[in-house]
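K.L.:
got a predicted structure here, sequence first:
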Amino acid sequence: MAVNLSRVAKEKGIEYFLVSFVDLFGVLRAKLVPARAIGGMQKDGAGFAGFATWLDMTPADPDMFAIPDADSLIQLPWKPEVGWLAADLWMDGRMVEESPRVALKRQIDRAAKKGFRMKSGVECEYFLINEDGTAISDNRDTQEKPCYDQSALMRRFDVVSAICDAMISLGWGPYQNDHEDANGQFEMNWDYDDCLRTADRHTFFKYMTKAIAENHGLRATFMPKPFAHLTGNGCHAHISVWDKTGKKNLFASQRDAMGLSALAYQFLGGIINSADALASIFNPTVNSYKRINAPRTTSGATWSPNAVSYSGNNRTHMVRIPEPGRFELRLMDGAANPYLMQAGVLAAGLDGVANKRDPGKRLDINMYTEGHKARGVKKLPLNLLDAVRLTEKNKVLRSALGNSLVDSYCKLKIHEWNDFKSEITSWERIHTLDC
């Protein structure tokens, strides 16, 4: 039976609801709806002009309606009179093809027909910086290898603990918080779950982290590479596929040295096969390619992949298998759209299963120092334009995600690239003004 949001509002003291959706660029959009009107919104949706967001629409298109998913409700821990709701987009009585959450739900439906449920967890890295974005917020955080630095972590205890306490109150099961590999960088981990719930929580986590940082006079950024000399923000995803009950891990096998089943290797084969085409989704900004193709950082390593490869418990590869029954995708960065990211993984993985794709042999080498010795290993795109062109012509993603979404996404991303290329940078002035 559907949850009655009007009744929930009275029971929980919710005065307003944020009816939200994420557009193709990962921007979180919302309308603030008073509790007295949420019943109508739950039935008919909140109206939006699609052209005003990154969804490749025109001013002539009719109203778009965001129908909230009551199961996604999150009461803001720092402002409990407000409830947040993820919504699905509809127009003219049909779901909007370009909606990232709709795209993920369709991949989930495809998997369900095969008896599969994908579960996932994400590792969201972020920087705490000053308000104008020019430097990290802690001028004493200067160690060459700052990862796990207890003193730097505790100097930001008020912010980190506020975020963690919020996750505890929401029942997410957070289990560790750390200072990451870059000065001013942090990561917080919570329990994995069904991929739609993980995507909803990922979306809310980014909003929550920014809001709590602002409440402490700071700014949080998930930008892939905000500082050239420091490690960038990744968003590693841990993936497993279960049976339809969600009780049996279909990726696990006791017969395999790595603890993976034949299904897991086929799923991985699909991701390996489409990885370069997925890069524009997993690494969706111009700045993203300064993370995955970066020179050595101050700490000694970028911790980012530079080629399409997999291994065991080895962090220099695009895919790491840390333990039986799951693998970690290390390509995604902090700018990745939470819904398109999960949809892309599932689309490529299902293709791998359907076509019994072989991921090839695992490589047990240091890809940062010996990657040039690996034969037949695809390189990742060098920039956003190359990545988008690979997405644009990829048949697997077109078949799974639909031509409408792929065309719209690529069109908008090429527009973004062209906008970037029209800018004259300070580097160009320094190096060519007197040529």
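P.N.:
Perfect, I can see it now. Numbers count the residues shown, from 1 in each chain.
K.L.:
what strand or helix carries Arg29?
P.N.:
Assigned by DSSP states H and E, Arg29 falls within strand 28-34.
K.L.:
adjacent strands (with direction) for that strand?
P.N.:
Partners of strand 28-34 in the sheet, by DSSP bridges, are strand 16-22 (antiparallel).
K.L.:
with just CA atoms, put the strand it pairs with into PDB.
P.N.:
Taking C-alpha atoms only, strand 16-22 is exported to PDB below (Å, rounded to 0.1, in the frame of the first residue of the first chain):
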ATOM      1  CA  TYR A  16       7.500  21.400   3.800                       C
ATOM      2  CA  PHE A  17       8.700  18.900   1.200                       C
ATOM      3  CA  LEU A  18      11.500  19.300  -1.300                       C
ATOM      4  CA  VAL A  19      10.200  17.500  -4.400                       C
ATOM      5  CA  SER A  20      13.500  16.900  -6.300                       C
ATOM      6  CA  PHE A  21      15.000  15.500  -9.400                       C
ATOM      7  CA  VAL A  22      18.400  15.300 -10.900                       C
END
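K.L.:
now do that strand: distance to the chain's middle.
P.N.:
Distance, stretch centre to chain centre, for strand 16-22: 19 Å (C-alpha atoms, centre = their mean, to the nearest Å).
K.L.:
equivalent analysis for stretch 62-74, please.
P.N.:
Its chain's C-alpha centre and that of stretch 62-74 lie 20 Å apart, by C-alpha atoms, centre = their mean.
K.L.:
now stretch 95-104
P.N.:
The answer for stretch 95-104 is 16 Å, by C-alpha atoms, centre = their mean.
K.L.:
got the contact list for it?
P.N.:
Stretch 95-104 is contacted by residues 21-24, 26, 50, 55-57, 64, 86-90, 195-196, 199, 337-340, 342-343, 346, 401-402, 404-405, 408-409 when judged by C-beta atoms under 8 Å, 6 or more residues apart in numbering. The way it works is simple: take the backbone N, C-alpha and C, and place the C-beta from them, glycine included.
K.L.:
immediately after the strand holding Arg29, which helix or strand?
P.N.:
helix 38-44.
K.L.:
got the buried residues for that next one?
P.N.:
38, 41-42 (16 or more other C-beta atoms under 10 Å).
K.L.:
re earlier: buried subset of the contacts of stretch 95-104, written for PyMOL?
P.N.:
Buried members of the contacts of stretch 95-104, defined by 16+ other C-beta under 10 Å, are picked up in PyMOL with:
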select buried, resi 21+22+23+24+26+50+55+56+57+64+86+87+88+89+90+195+196+199+337+338+339+340+342+343+346+401+402+405+408+409
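K.L.:
keep only those of the contacts of stretch 95-104 that are in strands.
P.N.:
21-22, 64, 86-90 (DSSP state E).
K.L.:
ok, so of the residues you listed, who is nearest Ser261?
P.N.:
Closest approach to Ser261 among those (C-beta to C-beta): Ala86, at 31.7 Å.
K.L.:
for the closest one, which residues count as its bridge partners?
P.N.:
Ser20.
K.L.:
quick one: it from Ser20, how far?
P.N.:
Applying C-beta to C-beta, to the nearest Å, the value for Ala86 to Ser20 is 6 Å.
K.L.:
mutual contacts of the two, please.
P.N.:
Residues touching both Ala86 and Ser20 (C-beta under 8 Å, 6+ apart): Thr203.
K.L.:
any idea of the pLDDT on Asn293?
P.N.:
We note a pLDDT of 80 for Asn293 in this prediction.
K.L.:
tell me if it really is in a helix.
P.N.:
No: using DSSP: H, G, I helix; E, B strand; the rest coil, the assignment for Asn293 is coil, not a helix.
K.L.:
474 is where my numbering starts, stick with that
P.N.:
Yes, from this point I'll number from 474; that puts the last item at Asn766.
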